[in-house]
Structure formats: structure tokens, C-alpha cells
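Engineer: Next one to model:
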Amino acid sequence: MKQKPWLASYGAIPHEINPDACPSLVELFDEGMREHAARPAFTCLGRTLTYRDVDQQSRALAAYLQSESGVRKGDRVAVMLPNLIAFPIALIAIARLGAIQVNVNPLYTARELEHQLSDAGAETIIVFGGGAATVAEVMPRTAIRQVILVGAAEQGGIDGAVGFEAALAQGAKLPLERVAVTGDDLIFLQYTGGTTGLSKGAALSHRNLIANVMQFKAISPDNLVPGGEVVVTAIPLYHIFALTVNFLTCFSIGAHNWLVPNPRDMDAFIDVLKAARCTVG
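Structural biologist: Modelled structure (predicted):
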């Protein structure tokens, strides 16, 4: 205590957390999906998935990425999505493969996107339909060879692109080879904002994120009731705060997460707040 006098101000907050509480995010996800299988996990644009649905769909996507896209442990998979249900499905699938998610701002310009994809070395990208044109523009100058489109009726001008729902349907029929994942394995290349220069990818391990989850749980024990919370997520999941608090932490306790793809649409945002009656915001 003499060496850490600030601990005196912690009160009932634990002085230490256990970053090895889960061997990896895969186990954190599996536990949440097993314990809260019948509860609603995500609601977005009038659609709700239970934790069991998320388990099944993320497994199907993982099988598709493994068998059809050739994604292996350590491979980089870019995810260029606003707050849509496809985002958590993609993340859990990528984690199951021991691959590394590269979060991409859906509003990136072609120049910004090209830099990030090239820097990360991503060969696969999951992108919403509105970003397809930007991806198509930079593809010839990057290593991207597989594009999965979310919410797009056509290929978005990208030859060989696959629809997200089609990938799920195909993956549901494919086997999934389990991959050993540890806390030391990377799960994200989380890129900085680039306000003072080129955006740089921060390498985050499973253990890093589990430590963050445990820290938040330690300081908010009375506000995280297992199976009893409703959260509205308007800030982007591709940013680290919403990713850690709104997604990972809330998912681990079985919260019902209402995703807001465009919080600038204030009328729609208010409608979500009225319908969700959130306990966490």
C-alpha cells in the first residue's frame, strides 16, 4: 500500500483482476452462448437473434471462412461494418478460427482503406453494401481476394463477391475444424485514428481484451446483472470502447444488445431507445 497509495481510494473495488479468467475470448463467447442460449442477444433493424442463433450463425460463418476462404490461424480478416448484427457474428467466427480481426471504419476514403488493408495484410474482407464501391476501387492494389457483402442485393461491382446470408447458408452445411486459441494469440489489429499521421494498428491479444472485460466488471459490479441488462449501442463497435464494454462485457453476462447502425438518424435512434428501455447505454 505504501508503494501504491492510490489503492486507498478504491473502496470495495478489487485491487487486482484476473486476465486469465478465460483462456481466450472463444471460451468467453461459448460460456455466454451456452448459459443464455434462449435469451435475446442482439436486435437491429427489426430483427432479433438469441444467443443460440448467434452461436449457430457464427459457427456457420467460421466454417465457410475456413473451408471456402481458406482462413487459417493468424490470418487477417478485415471487417468494415457499422453496428449491424453481422458484426458480432463475424467477430465470434473470426475468434473461433484463431484469426485476427482488422476493424475498418465504414466511412473510410479509398486512400485510407488502401493503407489499412495493405498495412494489415488482410486477404478477406466482410463489408456492408454501402462500402462495396470503395473496396472495389482499392482491391487491385491490396491483397484482398475474398469479399463477403452484408446487406447487398448484388455483387457491388466486385467479381466473385459472396453475400453474407449465402455464406451462412453454405457454412451451415460444412464441418468446422476446432482451432486451439490461447490468451497470447492476437484477436485484433485495432487501428488508431490517424489524426497525427498514418493510422497504425495496435496488436491486441485475447488476454488483453479479457483483462479489459474483467476491469470493467470490477468497477461496475452492481450495474451488470447476469441475464438482466439491456444495452443500446449507438457508438461504433469498430471503436475499442463499444467493442469492449457494449459488446464483449455485455455479451458475457447475457445482456440484450440493441444495435444502432446510424445514430445520426435521430428519429430512428429515439424509437430504439423507447422500444429497448435500456438499463445500460
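
Engineer: Was I right to think His15 contacts Leu7?
Structural biologist: Yes. If you go by C-beta atoms under 8 Å, His15 and Leu7 touch, sitting 5.4 Å apart. For the C-beta atoms, the positions are set from N, CA and C on the backbone; glycine is no exception.

Engineer: Look at these two and report which has more neighbours.
Structural biologist: Taking other C-beta atoms under 10 Å, His15 and Leu7 do not tie; Leu7 has more neighbours (12 against 9).

Engineer: Could you pull up the residues touching Phe29?
Structural biologist: 58, 92, 95-96, 251 (C-beta atoms under 8 Å, 6 or more residues apart in numbering).

Engineer: For those, which two are the farthest from each other?
Structural biologist: Arg96 and Phe251 (14.3 Å; C-beta to C-beta).

Engineer: Please enumerate the strands of the stretch 151-281 of the chain.
Structural biologist: Remark: strands assigned in the stretch 151-281 of the chain by DSSP state E, counting those that start in this stretch are 162-163, 186-191, 201-205, 230-233, 256-259.

Engineer: quick one, which of those strands is packed in tightest?
Structural biologist: Across the strands of the stretch 151-281 of the chain, the average number of neighbours (mean count of other C-beta atoms under 10 Å) peaks for strand 256-259, which reaches a mean of 24.

Engineer: helices or strands next to it in the packing?
Structural biologist: In terms of contact count using 3 or more C-beta pairs under 8 Å, 6 or more residues apart in numbering; DSSP states H and E, strand 256-259 is assigned the packing partners strand 40-44, strand 230-233, helix 266-276.

Engineer: could you give the angle of the longest one to strand 40-44?
Structural biologist: Relative orientation of helix 266-276 and strand 40-44, computed by axes from the mean of the first three to the mean of the last three C-alpha atoms, to 10 degrees: 160 degrees.

Engineer: how about helix 266-276: buried residues?
Structural biologist: Within helix 266-276, the residues that qualify as buried are 269, 272, 276, counting by 16 or more other C-beta atoms under 10 Å.
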